[in-house]
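1. what's the 3D shape of this:
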Amino acid sequence: MENNLNEQILDKLTKVCLCNAIPRIKIKNAIRNGALTVEEIKKVTGSGSGGCSGKRCTPKIQDLINTYLEKQWE
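-> All right, here's what the predicted structure looks like:
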């Protein structure tokens, strides 16, 4: 239970897209709602449209997609 709570807190605080300050929870929610490619997630969340043009967040987004597909978050 405590690990789940800690992960939820980190999801809200951890920024996946630093340029646009998009938290991990927003990316995870987009994935849960069916956005299963980096391009779909960028379109839904606005990530990847900042100063670095997605160079920093794209690998992080892909990792979250891969994790979701491997173990399907609850």
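2. grab the nearest non-local neighbour of Leu10.
-> Using Cβ to Cβ, 6 or more residues apart in numbering and skipping residues adjacent in sequence, the residue nearest Leu10 is Arg24, 7.1 Å away. The way it works is simple: take the backbone N, C-alpha and C, and place the C-beta from them, glycine included.
3. hey, where'd the helices end up in this structure?
-> For the chain, the helices defined by DSSP state H occupy 2-13, 24-32, 38-45, 57-71.
4. identify whichever of those helices lies nearest to Gly51.
-> Gly51 lies closest, by Cβ to Cβ, to one member of the helices of the chain: helix 57-71, at 11.3 Å.
5. by contact count, what packs against the closest one?
-> In terms of contacts (3 or more Cβ pairs under 8 Å, 6 or more residues apart in numbering; DSSP states H and E), helix 57-71 is packed against strand 15-17, helix 24-32, helix 38-45.
6. if we can go back for a sec, mean neighbour count added to the helices of the chain, as JSON lines?
-> Below are the helices of the chain laid out as JSON lines (neighbours: other Cβ atoms under 10 Å):
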{"stretch": "helix 2-13", "mean neighbour count": "11"}
{"stretch": "helix 24-32", "mean neighbour count": "19"}
{"stretch": "helix 38-45", "mean neighbour count": "18"}
{"stretch": "helix 57-71", "mean neighbour count": "15"}
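7. turn the ones you listed into a markdown table, including distance to Gly51.
-> As requested, these are arranged in a markdown table below (distance: least, Cβ to Cβ, whole Å):
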| stretch | distance to Gly51 |
| --- | --- |
| helix 2-13 | 21 |
| helix 24-32 | 18 |
| helix 38-45 | 14 |
| helix 57-71 | 11 |
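8. need those in JSON lines with mean pLDDT, can you?
-> As requested, those are exported to JSON lines (pLDDT from 0 to 100):
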{"stretch": "helix 2-13", "mean pLDDT": "86"}
{"stretch": "helix 24-32", "mean pLDDT": "97"}
{"stretch": "helix 38-45", "mean pLDDT": "97"}
{"stretch": "helix 57-71", "mean pLDDT": "95"}
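9. centre-most residue in this structure?
-> The centroid of the chain falls nearest to Ile27 when counting by Cα atoms, centre = their mean (2.9 Å).
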